[in-house]
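Engineer: structure, please.
(4 chains)
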There are 4 protein chains.
Amino acid sequence: MSNKIGEKFQITSFGSSHGTAVGAVIDGCPANLELSVEDIQKELDKRKPGTSSVTTPRKEADEVQILSGIFEGKTDGTPITGVVFNKNQHSKDYSMFKNTPRPSHGDFGWMTKYGNYDHNGGGRGSGRVTIGHVIGGAIAKKLLKTQGIEIISHVTQIGNIKANENNLDNIKENIDKNPVRCGDLDAAGKMEELILAKKAEGDSVGGIVETIATGIPAGLGEPVFERLDGDLARILMNIGAVKGVEIGLGFDVASKTASEINDEYYINDNHIKTKTNNSGGIIGGISNGMPIISRIAVKPTPSISKCQDTIDLENMENKEIEIKGRHDPCICPRVTVVAEASTAIVLADHMIRSGFIHPSNLDI
Amino acid sequence: MSNKIGEKFQITSFGSSHGTAVGAVIDGCPANLELSVEDIQKELDKRKPGTSSVTTPRKEADEVQILSGIFEGKTDGTPITGVVFNKNQHSKDYSMFKNTPRPSHGDFGWMTKYGNYDHNGGGRGSGRVTIGHVIGGAIAKKLLKTQGIEIISHVTQIGNIKANENNLDNIKENIDKNPVRCGDLDAAGKMEELILAKKAEGDSVGGIVETIATGIPAGLGEPVFERLDGDLARILMNIGAVKGVEIGLGFDVASKTASEINDEYYINDNHIKTKTNNSGGIIGGISNGMPIISRIAVKPTPSISKCQDTIDLENMENKEIEIKGRHDPCICPRVTVVAEASTAIVLADHMIRSGFIHPSNLDI
Amino acid sequence: MSNKIGEKFQITSFGSSHGTAVGAVIDGCPANLELSVEDIQKELDKRKPGTSSVTTPRKEADEVQILSGIFEGKTDGTPITGVVFNKNQHSKDYSMFKNTPRPSHGDFGWMTKYGNYDHNGGGRGSGRVTIGHVIGGAIAKKLLKTQGIEIISHVTQIGNIKANENNLDNIKENIDKNPVRCGDLDAAGKMEELILAKKAEGDSVGGIVETIATGIPAGLGEPVFERLDGDLARILMNIGAVKGVEIGLGFDVASKTASEINDEYYINDNHIKTKTNNSGGIIGGISNGMPIISRIAVKPTPSISKCQDTIDLENMENKEIEIKGRHDPCICPRVTVVAEASTAIVLADHMIRSGFIHPSNLDI
Amino acid sequence: MSNKIGEKFQITSFGSSHGTAVGAVIDGCPANLELSVEDIQKELDKRKPGTSSVTTPRKEADEVQILSGIFEGKTDGTPITGVVFNKNQHSKDYSMFKNTPRPSHGDFGWMTKYGNYDHNGGGRGSGRVTIGHVIGGAIAKKLLKTQGIEIISHVTQIGNIKANENNLDNIKENIDKNPVRCGDLDAAGKMEELILAKKAEGDSVGGIVETIATGIPAGLGEPVFERLDGDLARILMNIGAVKGVEIGLGFDVASKTASEINDEYYINDNHIKTKTNNSGGIIGGISNGMPIISRIAVKPTPSISKCQDTIDLENMENKEIEIKGRHDPCICPRVTVVAEASTAIVLADHMIRSGFIHPSNLDI
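Structural biologist: A predicted model of the protein is given here:
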């Protein structure tokens, strides 16, 4: 199994839901970036469960410790290790899942591929491993901020309820005001109602998360195989529950003509801009200086208490399953934090790879 | 610039539209695979332009030569180099594009990032570089066929015209019967009409290409960062003009509940299957043995003869542009070949990485 | 900074001498390998200082904790994280080294390259970071043992004192009987005397460490750039203090003719062997089934209490330095453990890469 | 098989002795480097055989063609492909080697590992594949020259004949004046005599090649696993026939004390230097600004006409072999060119990786 991503800014993730700890080693962050435990903790606090009506009521403190990589309040170029020790994880009996794959859940693949599967709480297949992503993303965001780059993810759709478009300032202001992390407060209310209704039914619901990155210079990414859009698509599709990724107009391009959607250039105050941003900030694999906009399709959490058909792998026979427990009736609000982190990791990596950030030393 | 993709089955692509040659080195193909020039040529023939009413009328022979890697009709484990020498490429004057980026075309990124930009026919940003993908894909397909894996790509939408669903055998039969490479012959006729209408207007139109891979074993891909869906999303998003990637239900999951779309397991004749395949053959990053299904959103070719606004980079002033020439009014039919090749490359790579194909020697 | 090595069996090392912890994430170990804390601790105990007259008298407990990757006593395919928390490391004042590079010590490079340098006890440049190597190596050795592969490193020279050649069984028996870890007990006594004499002078002395790996199948390594000898040379040269690497006869080949040293093949009981092993088990980058034999040249520890000339980087002026403290007067005995670990890491990686060990699951 | 080396400046080598062509794709060279066919050809001319009494009398023209990567006389950031088509390679019958491994020759590993082995002239195991190294090295040298870095390799020992030390200017002047490429003309004469004597006996002889790189900035390389000395050791050990690698004093450190060999710092005209360069320009894995000095041990060419014992793999029985043909009686003179190229490739890669050369564009 390989658990790393990134070329120059590289995350190696480790740990599982019910093991000793989860965390990540972040290698390749240049020296001299001011970095504190709080920079990471505040991102983890956005991800952690038990904070609202629409997420699982499980309580997890998720306090991070930094084991390496900081000297006198700054990175020193050496690998940064962030760890969250798991607590109170052994309260439940998961033995029923040992040989019984849950429909649309990753456990079948694990059992088949690795043989020895930690079935407790999803093991390493648990959403809890995204703690590693968020640790890496927090550092990436801090690094990108030194270059004027900011990233924000928000929910634009839950079930059939769609948010109205909003400007970036309003989105930023609104997402912390509602548990769905939606940028449109009217839609947010309806989304919350829908999620609670599905929760009451023992069901769950999907949605869409959009990510906007601003302050990106033109010239990030490489044009054939290490394209910025390809790398973003990969890391976003790698998030559990994601089944689709779009950049810019995304699937809407299929029904359009070039004359309708081509982004025409113009010069504004000696800066090159495009009149529209249908390309979502990336053309031909390379950033063009406009905001980078992506959207991901997030499926409904597969763990539901409704009765489903499945199989018993040990006896190779059909059986039924009802998955009790405190599952997220909609994972989208928490996915926003992971999408932000994932986007930041790719952008930090490419900023170094493309020579915008020095690979060893931020002061050079 | 990095021009390679894959970990064990690795493609290094080279060349540009109007340079001496385009091609690829395929490294990591195990020894003892029967492979001929024809295996590669037949795939290139599907990709090459000038073969129908809906592609560019440019004629390119695209004859491949193999420079290395085959001994006595079989691969010998050494890198396979396939080259297509460019012919008659210098007939046109491209100097007008030297400092004038075309709207929604990759050239702006190249000029900005590399400084020295081969503006003739798009240079290395040309769709012509996908010859390297197709060479690699042809070898990957041959390798996968030894394991019972087949891959087919077809057009499911052009503009607002959508193909009806069809079974795989019909799709395979139909795609070679129409220039759009659509699996539904009724829709294909309407698609062709639409493309020709847009061509007459000096415009172009987008669409959707679906890829189906069958015969995949359960257990391909790794669950966190080197997931099969992530790697597919990357290589598909890397195809020029692609703005969105879906696996299985894709963006439709956003409006669904788990009880509607979860894929329930059952045992059929001692084989594990799922009743539905909404996951598109991949759950938690790992294949589950069902067909792998992806869809990509392909934007309309940005090079159109309609007048557009752009800029003069040398004088930093606004100007207009009309891009004359024999451009594809819809690139989707040719993208099917590249999508097939790209999917094959990722699957071949993961078949080796996951231990289903021996890394050195197919006879072991 | 990149802190990983290996392609399929991959070590990501982290931590520094006086930070919170040192350790490593081992990614790519197949599932179902029996592995305990003791398997790792026993190797760390061989490496740790303070155990004999010829190493530093510093006491470090070096107790490892496993944070992830083991389920019910076996690896489960997920990354294995081993950590040693540092204890009692802040007793000394290292401020004199902040801007004063020590002759032939790595600190000058760190100051120059990263700017923010943890000067306490050598920071991440300390030999203490080889704890990460040894954790990785312990797992690699356990994995290799399932395939009948064993690795042993021993001291063959200290200063001008050379060990006599000995058979492998005697070497194994002898190295634990003397503090120098030499396979020849007579030489070991003289080596110990020499080290103690140099220690008394406030000086240190170099030596040679040989590593022998047995049970290697023919066919490990790739013939051009990912050769087994190249990968061994890299990881061995990467050990601090190493200035030379040999395989087989090594530098002695320079004065020989082919007729003197070519390894002639013969068939013995239906097995292919060579009459001599001057190639040290690797020809043309690929193992030939004979034992793999390497030797490394280890320089004398550069930290000595004798007065030396150096510079003050802050004021850019010449100055003198005497490095007090409890340094190893000869690092060779402890390097044996790191050489063994490093060799094991490369061999485990290539055993997986070459298809001798399944990449995901040892039970397949 | 993997045939690439380098991270940012990356060589993918392909081809075999008797196939259609040999060559390499060089990916990651920044745009705007002036580069001509002659820059590459002049290095190939130094490597090619048939030019003196001490190399094989085989005649090979070795004319390189560039297929991609140059636009208007400069690199444009895209991959550079250099190819040498093989000519007149099929004159000889090599069938006797099909199942008969030559002692100390790489063919046994190939047969065992890949099954399908091109036995003609060594196939891809032939020294002829170093044409790819030299193409890559020629580009690397041109790139390094823009930064004031120069690299020279010379023979310092053949059999028991050792060159006297000489200053760099004399070495440069002398190596082109003698067929051995030795920097000491007196020794060169004796070396030539020895080689011719061994040739007359149907035997071959080994030697040592030293490489000196000047103009290196302090700060190249990373301190734990991607060290500059480790990467140099790997690429040098990867050269066929090399059995040992030293940096600086190399194996002589074993018998020294720190007070004898530590490199003391001093300030000279506001520049930091070391009084001695026993470290060979690299300490703790990072360059210190002094010349980088390596030495490699080159074994005698294993193909000799003297009778040797070997085996028949098909019938699994012992047999004898006499390898007739025009082999190099000493490969050291030609290895100098490959050592220079290999060193240049590693240094160019690290100059980009460490931020001394911009990754995309030399003009930035």
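Engineer: help me confirm that residue A:128 is found in a helix?
Structural biologist: Yes. Residue A:128: assigned to a helix according to DSSP: H, G, I helix; E, B strand; the rest coil.
Engineer: make sure it is actually in contact with residue A:118.
Structural biologist: No. Here residue A:128 does not reach residue A:118: they are 11.8 Å apart, not a contact under C-beta atoms under 8 Å. (Glycine included, C-beta is placed from N, CA and C.)
Engineer: next, the buried residues of stretch A:22-36.
Structural biologist: Buried residues in stretch A:22-36, counted by 16 or more other C-beta atoms under 10 Å in any protein chain shown: A:22-33, A:35.
Engineer: what do you get for stretch A:299-313?
Structural biologist: So stretch A:299-313, judged by 16+ other C-beta under 10 Å, has buried residues A:299-305, A:308, A:310-311, A:313.
Engineer: what's the end-to-end length of that stretch?
Structural biologist: Start-to-end span of stretch A:299-313 (C-alpha to C-alpha, to the nearest Å) is 25 Å.
Engineer: which ones are touching residue A:180?
Structural biologist: A:54, A:155, A:158, A:188, A:191-192, A:195, A:330, A:332-333 (C-beta atoms under 8 Å, 6 or more residues apart in numbering or on different chains).
Engineer: next, it: phi, psi?
Structural biologist: With angles defined as degrees, to the nearest 10, residue A:180 sits at phi -80, psi -10.
Engineer: and residue A:150, how many neighbours?
Structural biologist: Number of residues near residue A:150 (other C-beta atoms under 10 Å in any protein chain shown) recorded here: 17.
Engineer: could you find the closest non-adjacent residue to it?
Structural biologist: Nearest in space to residue A:150, with sequence neighbours left out and distances taken as C-beta to C-beta, 6 or more residues apart in numbering or on different chains, is residue A:214 at 5.4 Å.
Engineer: ok, back up a step: and the furthest pair within the buried residues of stretch A:22-36?
Structural biologist: A:22 and A:32 (28.1 Å; C-beta to C-beta).
Engineer: ok, which of the buried residues of stretch A:299-313 also contact chain B?
Structural biologist: A:299-304, A:308, A:310-311, A:313 (C-beta under 8 Å from any C-beta of the partner chain).
Engineer: will you turn those residues into CSV that also has pLDDT?
Structural biologist: Shown next, in CSV, are these (pLDDT from 0 to 100):
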residue, pLDDT
A:299, 98
A:300, 98
A:301, 95
A:302, 95
A:303, 93
A:304, 94
A:308, 95
A:310, 96
A:311, 95
A:313, 91
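Engineer: shared neighbours, residue A:128 and residue A:118?
Structural biologist: If you check residue A:128 and residue A:118 against C-beta under 8 Å, 6+ apart, the residues they both contact are A:16-17.
Engineer: count the residues that sit near residue A:320.
Structural biologist: 10.
Engineer: residue contacts, the residue of the stretch 101-250 of chain A found nearest chain C?
Structural biologist: Going by C-beta to the nearest C-beta, chain C is nearest to residue A:114 of the stretch 101-250 of chain A, at 3.7 Å. Neighbour list for residue A:114: A:1, C:31-32, C:76-77, C:360-361 [criterion: C-beta under 8 Å, 6+ apart].
Engineer: which residues touch the residue nearest to residue A:150?
Structural biologist: A:149-151, A:168, A:291.
Engineer: repeat that for residue A:75.
Structural biologist: A:29-33, A:35, A:69, A:362, C:116.
Engineer: need the max-distance pair from those.
Structural biologist: The widest separation within those (C-beta to C-beta) is 13.7 Å, between A:69 and A:362.
Engineer: quick one, which of these two is more surrounded?
Structural biologist: Neighbours were counted for residue A:69 and for residue A:362 using other C-beta under 10 Å; residue A:69 has more, 29 against 21.
Engineer: is it true that the more buried one touches residue C:13?
Structural biologist: No. If you go by C-beta under 8 Å, residue A:69 and residue C:13 don't touch, sitting 11.9 Å apart.
Engineer: still on that earlier bit, can you pick the most crowded of the contacts of residue A:180?
Structural biologist: residue A:332 (33 neighbours).
Engineer: which of the buried residues of stretch A:22-36 fall in helices?
Structural biologist: With helices defined by DSSP state H, no entry of those lies inside them.
Engineer: want to throw those into JSON lines with pLDDT?
Structural biologist: Output for the buried residues of stretch A:22-36, formatted as JSON lines (pLDDT from 0 to 100):
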{"residue": "A:22", "pLDDT": "97"}
{"residue": "A:23", "pLDDT": "98"}
{"residue": "A:24", "pLDDT": "98"}
{"residue": "A:25", "pLDDT": "98"}
{"residue": "A:26", "pLDDT": "98"}
{"residue": "A:27", "pLDDT": "98"}
{"residue": "A:28", "pLDDT": "98"}
{"residue": "A:29", "pLDDT": "98"}
{"residue": "A:30", "pLDDT": "98"}
{"residue": "A:31", "pLDDT": "98"}
{"residue": "A:32", "pLDDT": "98"}
{"residue": "A:33", "pLDDT": "98"}
{"residue": "A:35", "pLDDT": "98"}
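Engineer: of those, list those near chain C.
Structural biologist: Checking those against chain C (C-beta under 8 Å from any C-beta), the matches are A:22-23, A:25, A:27-28, A:31-32.
Engineer: other residues contacting the helix or strand containing residue A:246?
Structural biologist: Using DSSP states H and E, residue A:246 sits within strand A:242-247. For strand A:242-247, the external contacting residues (C-beta under 8 Å, 6+ apart) are A:229, A:232-233, A:236-237, A:251, A:279-282, A:292-299, A:335, B:229, B:233, B:237, B:243-251, B:253, B:279-280, B:297.
Engineer: how far does it sit from the chain's center?
Structural biologist: Here strand A:242-247 is found 12 Å from its chain centre; the criterion is C-alpha atoms, centre = their mean, to the nearest Å.
Engineer: now the element after that strand, going C-ward?
Structural biologist: By DSSP H and E, the next helix or strand past strand A:242-247 is helix A:258-261.
Engineer: which neighbouring elements make contact with that following helix?
Structural biologist: Helices and strands touching helix A:258-261, by 3 or more C-beta pairs under 8 Å, 6 or more residues apart in numbering or on different chains; DSSP states H and E: there are none.
Engineer: just the buried positions in it, please.
Structural biologist: A:258-259, A:261.
Engineer: closest to chain B among the residues you listed?
Structural biologist: Using C-beta to the nearest C-beta, these come closest to chain B at residue A:258, 4.0 Å.
Engineer: residue D:231 versus the closest residue to residue A:5 other than its chain neighbours, what's the distance?
Structural biologist: Spatial nearest neighbour of residue A:5, chain neighbours left out: residue B:225 (4.2 Å); criterion: C-beta to C-beta, 6+ apart. As defined by C-beta to C-beta, to the nearest Å, residue B:225 lies at a distance of 25 Å from residue D:231.
Engineer: and the longest helix for chain A?
Structural biologist: Longest helix in chain A, counting residues (DSSP H): helix A:332-353.
Engineer: low-confidence regions, chain A specifically.
Structural biologist: Where chain A drops to pLDDT under 70, the residues are A:88-91.
Engineer: do a quick rundown of the helices in it.
Structural biologist: According to DSSP H, the helices that chain A contains are A:37-47, A:107-114, A:130-145, A:168-175, A:185-200, A:228-237, A:258-261, A:332-353.
Engineer: of all those helices, which one is nearest residue B:17?
Structural biologist: Once the helices of chain A are compared by C-beta to C-beta, helix A:258-261 is nearest, at 19.6 Å.
Engineer: may I have the closest one exported as CSV, CA atoms only?
Structural biologist: What follows is helix A:258-261, C-alpha atoms only, in CSV (Å, rounded to 0.1, in the frame of the first residue of the first chain):
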residue,chain,number,x,y,z
ALA,A,258,-16.7,27.2,-28.2
SER,A,259,-18.2,30.6,-29.0
GLU,A,260,-20.4,30.4,-25.9
ILE,A,261,-17.7,29.4,-23.4
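Engineer: what does it contact?
Structural biologist: Contacts for helix A:258-261 (C-beta under 8 Å, 6+ apart): A:249, A:253, A:276, A:278, B:104, B:203-205, B:299-304, B:306, B:308.
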